[in-house]
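A.B. asks: Structure, please.
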Amino acid sequence: MTAAAAPSPRLLREPDFLRLWGVGLIVFLVRWLEMLAVSLFIYERTGSAFLVTMMGMLRILPMGLFGAFLGALAERVEQRTALLTIVLISLITSAILALLAKAGMLEIWHLATASAINGIAWAADNPVRRMMIGQVVGAARIGQAMSADVGSNNASRMLGPTLSGVIFAAVGVSGAFFVSVALYGVALYAVLTLRYRSGVEPATGQGVLERIGQGLAVVRADARLKGTLVVTVIFNIFGWPFTSLVPVVGLEHWRLSPEAIGVLSSMDGVGAFVGALAMAAWARPPIYRRCYVGGVALYLAMLTLFALSPSPALAGVALFMTGFGQAGFSVMQATLIYLLAPAEMRSRVLGLLSVCIGLGPIGFVHVGLLADAIGAHWACVVTGVEGLLALLLTRRLWRHI
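C.D. replies: Residues are numbered from 1 along each chain as shown. Next up, the predicted model:
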């Protein structure tokens with residue numbers, strides 16, 4: 001990562017922020033590395049675009065199923081211990097897949113199970129790791145800290161797919177999982193050296209469902225929170241799922257090699273990285289809403305252009321712009337929730353945010369069925385247009401942000 005991508009000197013003086021930031025960078029890198037390798041493996045094995053999208057769906061599904069529960073439970077568990085458990089389980093999962101692949105025993109259902117397990121870890125990221133970031137840096141620096149964190153995600157989206165394509169072409173899917181194990185080992189060490197301890201909230205006699213209900217009540221009473229979550233739902237149903245089809249479009253539409261697909265898939269990460277730098281440098285509270293909603297609109301328009309591009313080069317430019325739009329959305333998503341939610345309700349509302357992200361499986365099923373019916377690139381066109389229409393029709397909800 002370049003110096004320009006790093007946090008400010010004040011954040012650099014927070015060792016625990018740097019550890020949490022580094023854990024996020026590694027987890028994101030592994031996520032992108034494995035997603036492309038799994039997509040290539042499944043498409044080569046089955047030729048089904050639908051099955052490829054289902055792997056992406058399984059990574060998102062736990063957010064919808066368990067996000068609210070994880071947000072409520074996060075208040076009752078010491079957060080460093082929770083993060084340590086998440087990283088350790090992820091490491092063990094990748095190690096098992098690496099050994100199965102090396103032995104030639106890897107099956108689709110193994111990957112499906114691992115995707116679901118990784119999805120649970122992903123669902124816990126907002127109420128655990130990002131909540132810890134907020135506690136370590138404070139509300140005054142949360143926007144800058146989230147910009148740095150999203151910048152890490154986007155840097156990993158540049159490197160992960162490119163690295164994955166090269167590894168897959170050289171040694172196959174097992175190589176990607178062995179690299180994942182090594183990276184998770186570094187993340188595990190970073191968590192073990194964390195000094196921050198959240199403590200555990202004293203028992204109040206409230207059950208998990210009651211806590212979730214209180215979080216829902218807060219959202220219902222605040223039009224800004226409600227609008228923020230509506231935009232998140234639109235992005236995750238009509239926008240995000242198309243990324244699972246990028247390798248399929250590259251293979252069936254342009255006949256690209258795994259290495260070339262890796263480079264193409266990394267272009268949205270390049271754009272998102274540049275966008276995150278722009279957010280860190282220029283975004284201020286008065287324009288947070290414009291960055292958030294405008295980023296989603298740009299993303300949906302550019303994914304449509306990607307699908308209609310006559311060449312891989314133009315498609316790469318379109319993907320770069322989708323990443324730039326996603327940066328505005330991603331940075332402001334957690335930032336807005338953290339700033340708008342009452343301090344005592346932040347974990348619960350962040351858990352509800354994970355639920356909204358977890359509605360993405362609807363989009364994955366939708367785009368996967370369309371891809372098998374009309375082709376991957378036309379499926380992307382349809383979902384992009386649908387997303388823009390959904391954003392327009394819900395303006396009365398998100399204009400209050």
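
A.B. asks: ok, A182 - how many residues close by?
C.D. replies: 12 (other CB atoms under 10 Å). For the C-beta atoms, the positions are set from N, CA and C on the backbone; glycine is no exception.

A.B. asks: Name all residues that make contact with it.
C.D. replies: For A182, no residue meets the contact criterion (CB atoms under 8 Å, 6 or more residues apart in numbering).

A.B. asks: how far away is it from E78?
C.D. replies: For A182, the distance to E78 equals 27 Å [CB to CB, to the nearest Å].

A.B. asks: List the residue ranges of the stretch 101-250 of the chain that fall below the pLDDT cut-off.
C.D. replies: Along the stretch 101-250 of the chain, segments meeting pLDDT under 70 span 199-209, 211.

A.B. asks: Could I get the full set of strands for it?
C.D. replies: Counting by DSSP state E, counting those that start in this stretch, the stretch 101-250 of the chain has no strands to list.

A.B. asks: Work out for me the element the closest residue to P247 other than its chain neighbours sits within.
C.D. replies: Excluding the flanking residues, the one nearest P247 by CB to CB, 6 or more residues apart in numbering is S39, at 4.5 Å. Using DSSP states H and E, S39 sits within helix 15-46.

A.B. asks: Okay, buried residues for that helix please.
C.D. replies: 16-43 (16 or more other CB atoms under 10 Å).

A.B. asks: circling back: ok, the residue nearest to P247 touching G250?
C.D. replies: No. Using CB atoms under 8 Å, S39 makes no contact with G250, being 10.0 Å away.

A.B. asks: can you give me the helices for the stretch 101-250 of the chain?
C.D. replies: 108-123, 131-137, 142-171, 173-192, 208-221, 223-234, 246-252 (DSSP state H, counting those that start in this stretch).

A.B. asks: quick one, which of these is nearest to A318?
C.D. replies: Closest approach to A318 among the helices of the stretch 101-250 of the chain (CB to CB): helix 246-252, 10.8 Å.

A.B. asks: I'd like to check what contacts the closest one. Which residues are they?
C.D. replies: With contact meaning CB under 8 Å, 6+ apart, helix 246-252 is reached by 36, 39-40, 43, 49, 52, 256, 260-261, 264-265, 306-307, 312, 315, 319, 371, 375-377, 380.

A.B. asks: Which other helices and strands does the next helix or strand after it contact?
C.D. replies: Scanning forward in sequence from helix 246-252 by DSSP H and E, the next helix or strand is helix 258-282. Applying 3 or more CB pairs under 8 Å, 6 or more residues apart in numbering; DSSP states H and E, we find helix 258-282 packed against helix 15-46, helix 142-171, helix 246-252, helix 312-340.

A.B. asks: Buried ones in helix 258-282, by neighbour count?
C.D. replies: Buried residues in helix 258-282 (16+ other CB under 10 Å): 258-280.

A.B. asks: returning to what we had before: just send the helices of the stretch 101-250 of the chain back as a markdown table, with distance to E344 too.
C.D. replies: What follows is the helices of the stretch 101-250 of the chain, written out as a markdown table (distance: least, CB to CB, whole Å):
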| stretch | distance to E344 |
| --- | --- |
| helix 108-123 | 21 |
| helix 131-137 | 12 |
| helix 142-171 | 16 |
| helix 173-192 | 26 |
| helix 208-221 | 9 |
| helix 223-234 | 15 |
| helix 246-252 | 41 |
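
A.B. asks: out of these, nearest to Q326?
C.D. replies: helix 142-171 (8.0 Å).

A.B. asks: what's the distance between the closest one and the middle of its chain?
C.D. replies: The chain centroid and the centroid of helix 142-171 are separated by 11 Å under CA atoms, centre = their mean, to the nearest Å.

A.B. asks: list the buried ones in it?
C.D. replies: By 16+ other CB under 10 Å, the buried positions in helix 142-171 come out as 142-169.

A.B. asks: Over to stretch 291-308?
C.D. replies: 291-293, 295-307.

A.B. asks: In helices only, show me these.
C.D. replies: Judged by DSSP state H, the buried residues of stretch 291-308 include 291-293, 295-307 as members of helices.

A.B. asks: Relative to G358, which of those residues is nearest.
C.D. replies: Nearest to G358 among these is V296, at 17.4 Å by CB to CB.

A.B. asks: What separation do you get for that closest one and N236?
C.D. replies: Distance from V296 to N236, by CB to CB: 10 Å.

A.B. asks: what do you get for Y43?
C.D. replies: Relative to N236, Y43 is positioned 23 Å away (CB to CB).
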